[in-house]
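A.B. asks: quick one: sequence and predicted model below, then my questions.
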Amino acid sequence: MRTWHYEAAVMATILAGTVLLTGNQPIEWVGACAVFVMTRRVSVATRMQEGEKASETPTTECYPWFQRYLVVGECLWTAYFILLGAYSALVGVAMMLLYPAWRRFYRGWRPRGRDKVARS
């Protein structure tokens, strides 16, 4: 299994647990599924950002902005979800904000290979 498989399993487990602990409402399941898909998008985007950063000549000059937009967007979503009482979405915000730190830790432990396509 690849790293992203394990990441997805952990995220799905946390989200499902949150829904079950906060009343098991159908709308929370919809929110949890949406958050799960967003975590996968951030996973792909983070890996693409890692590739751009490692490249001698990045193909996308705006790649450093990904992190900034992620943090600002998640802060705004936090306010919205608190006002709405959307608990699985709030847990998702925490996971999104912690994900880049996890990747930095992971890349410190397992640096990118020299191959053209990193498979983690």
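C.D. replies: Received the coordinates, thanks.
A.B. asks: any weak-confidence spans in the chain?
C.D. replies: 113-120 (pLDDT under 70).
A.B. asks: ok, longest helix in it?
C.D. replies: Longest helix in the chain, counting residues (DSSP state H): helix 26-54.
A.B. asks: tell me which residues of that helix come out buried.
C.D. replies: Neighbour counts over helix 26-54 (16 or more other C-beta atoms under 10 Å) mark 28, 31-32, 35-36, 38-39, 42-43, 45-47, 49-52 as buried. All C-beta spots, glycine's among them, are computed from the backbone N, C-alpha and C.
A.B. asks: which SS state does P58 fall under?
C.D. replies: Secondary structure, DSSP: H, G, I helix; E, B strand; the rest coil: P58 is coil.
A.B. asks: roughly how far does it sit from S43?
C.D. replies: Distance of P58 to S43, given as C-beta to C-beta, to the nearest Å: 20 Å.
A.B. asks: what of S55?
C.D. replies: Plainly put, S55 is 19 Å away from S43 if you go by C-beta to C-beta.
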